Structure formats: structure tokens, C-alpha cells
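Visitor: coords below, sequence missing:
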């Protein structure tokens, strides 16, 4: 009877209110986010939520299940340690993750306390989502900081490399006090000065006394407008006196402003101006050239083209052609450009290569192509001159001597042989002429000729033997 009475007592107290009383449960609920009543084996007897946003956990389904089954696999060992401690004096809090139907885990920190009833434990949980969110934001902020720091270091390294290796003389001056902050090696060599004796000194010390007004005007103009046009400034004393063209640009770094002075010798500036003018004149002439002029990279992708090419290719702007392969417009197939590029890589130049130029709207015209390759510089490229060789057709001029003789021979055969034999003879003549033309276009390169004709090399050799073309005395060539 006492055993049965004890069993009834435990059954009647299978809720937190039955164990602690309603007021105590209210205090526990207010102090925690999730409270569980467990038996000694870890079976959930009762659950009380302290927050409504924990509803996705569906805690009502936990009653009657093992507490271990409500968490993810990697969290079960932590719960087992809590159950073994049974709320002893060395109480520990362990973080576990509860899965939800939405596929997101909810982190909860649990501590186990004794209930005062034999065989019953109370697990008190705290929702750690806000803490996890803060930790995630802190981690993202730290990663962003580290990425920004690494990027700034890379930018600084690139700036230092460019500043030290550029051939242009550069002096960085503090815009406020006129002191020299940095001088690159090119400026040190040009002015014949030492870095140790220059940095930290007023920049006016580099110019002769009484001639600092021109340099100061450049600094003032850059400081007020952000940019100063080149002006003539004399540097050095005595035999080392030199005249330079100095241009200034203002830039800011943190809370300070600096003026970047670029120095160019007067003779060098005049030579550069003359060279730039000559280049501009050449570009203008190429743009007005009546023949098509195209520049490509070594693979045949367009880098530049003049107006004549855009008109013949029926393009509105060069942006439609930039980066495209030239065989999009040249030749009936990619073979023409491939033959051209192979010859250019081998010989450097190609003259009067016969092909066709196809427009975007379907217009085709016969052309002759001359090209030159520059493959050894810093920016290798190939230049093509494409000339339209289309001529109005006439009765006599349109027929070349190479074609007129076979046609005359065929005309003489009419009436003497049947039409079937005449067609066969015509086919053989056309085939022979096509093979001869392909060999001539490819410089007797039989592999390229076979590709141009759409034949295998073996088929081409068989036809060469049949028509008696080429030197095919040995059978090893097949």
C-alpha cells in the first residue's frame, strides 16, 4: 500500500507546479526561457516555456521522450554529463542545439538542479540566439576588419612598388607646411640628391634662392584647385642647376593633405610632346585610311579597328567588335585565320592573302590581306591591312587565263562526248583547280590545304596522285 501511495504521489507531481508550487514555478519561468521536469533516466515529464518565440521547438511533443532525443547528435554527450551530475554542488551550464522543422538549430544553455522529489530533476534553459547573433556579428566584423587590413596592406605594397620603380621623378610634399614627405629613386637620381638629406626638409630648399616663386605657385594651385598645370621650375645650385617642368596633384591621406609633384626635364617634355603629336597624326591617318586596318592580339581577337573596317563589316561601333575573333568576319571558315596566324608566327609577315570579308548583315566581298606580327614586346599584337579587291564583272576580264583554257576545252568536247562524261570531266577539272588554289594559298602546306578543302590529309594525297599534282613519288607521304 505504501508503494502504491508513493506511486500516486509521484504521478500527481509530474508537473513543475506539483513539485514546487505555482509561485515558485512563476519565479523559475520568469528567470529562465525553458524549464524541463525530468526523471532520473532523462525522460521529459513536463515543459514550461518562458518565451513565446521558442514555439518552433514544439516542446509539447517532448513530453514522454528522452531529453537526448530533442537535441542534435553532437549535443547528446553534453546532456549525458548533465544527467550524471544530477544537479550536484559543482553545477555546470552546457550549450546544446535543438533542431526545428524549419531546419534551423536553436542554441540553449542548460543547467540541472535537484527538485527535492526522489528521482526527479529540473533542467533550466536559457535561449542563446541573441548571444549567438552577437558572436556571429562580432566574427563577421573581425573578418571584415582583417580583410580590409589585408587589402590596405596590398594597396600600400602596390603603391610602394610603383613609387619606387616608376621612371617618373615624384616628390610628395606636405600641403600645409611644404616639407618633403617622400622622394622616389627617380627624383633622387634626376636631382642628384640623397634621400636622408631630403625627407623632412622644406621643398623650397631644392630650388635656388630667389627662384622659389614658380614652385610655390604650383603647390598653391594644386592645394586650391586639386591640380596644377606643368610650369617651368629651376632646381639645384651652380653646375647642378637644371630646369624641369613640374606638375602638381593634391591628395588626402587620413586627416592630412599632400601635393604630389611630378618632374620632367624640359628637353624630355618637348620630345614627349612631339612624339605624342606624331602618334596623334598617325592615328588620324589610319582612321581615314580607305582600306580596313585591324589590330589583334596573337590569338586573333580584336584590339582596334578603323572606320573602314566597321563600314565593311557593317558594324555600328567598335564596342560590338572588341575582343571578338577576327574569323567572325574573315574567311568562309576559321581555317583562313588559322592559316594566317600560323604564317605570321613562323615568318612575321603575310602578303596578299586572298580571302573574303563577311558583314554582319550577310554582305560578302573578296579581299586581300597583308599582315605583320609584333610578338616580342610587352604588348604583342598583329596588324592587318584588308583591301577590297571586288571589281565589276565583265564578259572577258572576269575569266582568268587559268579558267579560260579548261572552259574552252570543255566547249570543244560538246557534241563529241555524252553529257555524263562531260560532267565528269568538268568535275575533275574543278577539283584540280580547287586543289591547286588551296596549295597556292597555303604556300604548298598540304595539311592546311586539306583543312581548307574539308578533306583528310590521306584523301588530299589520293587526289593529288590522281591529278598528277605535287611530288608524290614515295608512298610514305600517304
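Guide: Thanks, I have the structure now. None of the values given here were measured: they were computed from a predicted structure.
Visitor: now the helices for this structure?
Guide: Assigned by DSSP state H, the helices in the chain fall at 2-12, 16-20, 22-31, 76-85, 129-165, 185-191, 213-225, 266-287, 307-312, 335-347, 401-413, 419-441, 446-453, 457-467.
Visitor: Please tabulate these in JSON lines and include mean neighbour count, distance to residue 361 and mean pLDDT as additional columns.
Guide: (C-beta placed from N, C-alpha, C; glycine too.) Below are these laid out as JSON lines (neighbours: other CB atoms under 10 Å; distance: least, CB to CB, whole Å; pLDDT from 0 to 100):
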{"stretch": "helix 2-12", "mean neighbour count": "10", "distance to residue 361": "92", "mean pLDDT": "31"}
{"stretch": "helix 16-20", "mean neighbour count": "19", "distance to residue 361": "84", "mean pLDDT": "65"}
{"stretch": "helix 22-31", "mean neighbour count": "13", "distance to residue 361": "80", "mean pLDDT": "71"}
{"stretch": "helix 76-85", "mean neighbour count": "15", "distance to residue 361": "72", "mean pLDDT": "87"}
{"stretch": "helix 129-165", "mean neighbour count": "11", "distance to residue 361": "46", "mean pLDDT": "87"}
{"stretch": "helix 185-191", "mean neighbour count": "17", "distance to residue 361": "53", "mean pLDDT": "85"}
{"stretch": "helix 213-225", "mean neighbour count": "16", "distance to residue 361": "50", "mean pLDDT": "88"}
{"stretch": "helix 266-287", "mean neighbour count": "12", "distance to residue 361": "23", "mean pLDDT": "66"}
{"stretch": "helix 307-312", "mean neighbour count": "18", "distance to residue 361": "11", "mean pLDDT": "88"}
{"stretch": "helix 335-347", "mean neighbour count": "18", "distance to residue 361": "20", "mean pLDDT": "85"}
{"stretch": "helix 401-413", "mean neighbour count": "11", "distance to residue 361": "30", "mean pLDDT": "58"}
{"stretch": "helix 419-441", "mean neighbour count": "14", "distance to residue 361": "27", "mean pLDDT": "79"}
{"stretch": "helix 446-453", "mean neighbour count": "20", "distance to residue 361": "26", "mean pLDDT": "83"}
{"stretch": "helix 457-467", "mean neighbour count": "16", "distance to residue 361": "35", "mean pLDDT": "84"}
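Visitor: and of those, who's closest to residue 40?
Guide: Of all the helices of the chain, it is helix 76-85 that lies closest to residue 40, at 7.9 Å by CB to CB.
Visitor: what's in contact with stretch 211-226?
Guide: Stretch 211-226 is contacted from outside by 173, 175, 178, 203-204, 207, 227-229, 231-234, 246-250, 257, 259, 261, using CB atoms under 8 Å, 6 or more residues apart in numbering.
Visitor: now those residues: which count as buried?
Guide: 173, 175, 178, 203-204, 207, 228, 233-234, 246-248, 250, 259, 261 (16 or more other CB atoms under 10 Å).
Visitor: farthest pair in these?
Guide: 234 and 250 (23.1 Å).
Visitor: who's in contact with residue 286?
Guide: Contact partners of residue 286, counting by CB under 8 Å, 6+ apart, are 293, 306.
Visitor: bridging residues for residue 350?
Guide: Bridge pairing for residue 350 (DSSP bridges) gives the partners residue 371.
Visitor: Quick check, it in contact with residue 341.
Guide: No: the criterion here is CB atoms under 8 Å, and residue 350 misses it with residue 341 at 9.3 Å.
Visitor: coming back round to it: now tabulate the helices of the chain in TSV and tack on distance to residue 53.
Guide: Formatted as TSV, the helices of the chain follow (distance: least, CB to CB, whole Å):
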stretch	distance to residue 53
helix 2-12	32
helix 16-20	21
helix 22-31	15
helix 76-85	23
helix 129-165	8
helix 185-191	64
helix 213-225	58
helix 266-287	69
helix 307-312	65
helix 335-347	67
helix 401-413	90
helix 419-441	79
helix 446-453	71
helix 457-467	76
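Visitor: Name the nearest residue to the residue nearest the centre of the chain, ignoring sequence neighbours.
Guide: By CA atoms, centre = their mean, the chain has its centre lying nearest to residue 323, at 15.1 Å. Excluding the flanking residues, the one nearest residue 323 by CB to CB, 6 or more residues apart in numbering is residue 301, at 5.5 Å.
Visitor: just checking, which of the contacts of stretch 211-226 belong to strands?
Guide: Among the contacts of stretch 211-226, DSSP state E puts 173, 227-229, 231-234, 246-250, 257, 259, 261 in strands.
Visitor: which of these lies closest to residue 110?
Guide: residue 257 (58.7 Å).
Visitor: List the residues that contact that closest one.
Guide: Contact analysis of residue 257 by CB under 8 Å, 6+ apart lists 174, 175, 176, 223, 250, 251.
Visitor: Now for the closest residue to residue 67 other than its chain neighbours, how many residues are close by?
Guide: Nearest residue to residue 67, sequence neighbours excluded (CB to CB, 6+ apart): residue 42, at 4.5 Å. Using other CB atoms under 10 Å, residue 42 has 18 neighbouring residues.
Visitor: distance of residue 42 from residue 50?
Guide: 21 Å (CB to CB, to the nearest Å).
Visitor: what does residue 220 give?
Guide: 70 Å.
Visitor: Residue 388 now?
Guide: According to CB to CB, residue 388 stands 87 Å off from residue 50.
Visitor: more neighbours, these two?
Guide: Ranked by neighbour count (other CB under 10 Å), residue 388 and residue 50 place residue 50 first, with 18 against 15.
Visitor: one step back: of all the contacts of residue 257, which two lie farthest apart?
Guide: Greatest spatial distance in the contacts of residue 257: 176 and 251, 13.5 Å, computed using CB to CB.
Visitor: can you pull the contacts of the residue nearest to residue 323?
Guide: 323, 324, 325, 326.
Visitor: What of residue 437?
Guide: Counting by CB under 8 Å, 6+ apart, residue 437 has no contacts.
Visitor: roughly how far apart are it and residue 452?
Guide: To residue 452, residue 437 is 9 Å away according to CB to CB.
Visitor: biggest separation within the ones in strands among the contacts of stretch 211-226, which pair?
Guide: 234 and 257 (25.8 Å).
Visitor: Which parts of stretch 232-241 count as buried, going by neighbours?
Guide: By neighbour count with 16+ other CB under 10 Å, stretch 232-241 contains the buried residues 233, 234, 235, 236.
Visitor: which of those lies closest to residue 291?
Guide: The nearest member of these to residue 291, counting by CB to CB, is residue 233 at 47.1 Å.
Visitor: Give the closest residue to residue 62 in space, chain neighbours not counted.
Guide: Nearest residue to residue 62, sequence neighbours excluded (CB to CB, 6+ apart): residue 44, at 4.6 Å.
Visitor: Same check on residue 302?
Guide: Closest to residue 302 by CB to CB, 6+ apart is residue 321, at 5.0 Å.
Visitor: burial of the one you found, as a residue count?
Guide: Neighbours of residue 321 (other CB under 10 Å): 23.
Visitor: residues in contact with it?
Guide: Going by CB under 8 Å, 6+ apart, residue 321 touches 302, 305, 310, 313, 315.
Visitor: Against residue 256, how distant is it?
Guide: Going from residue 321 to residue 256 by CB to CB gives 47 Å.
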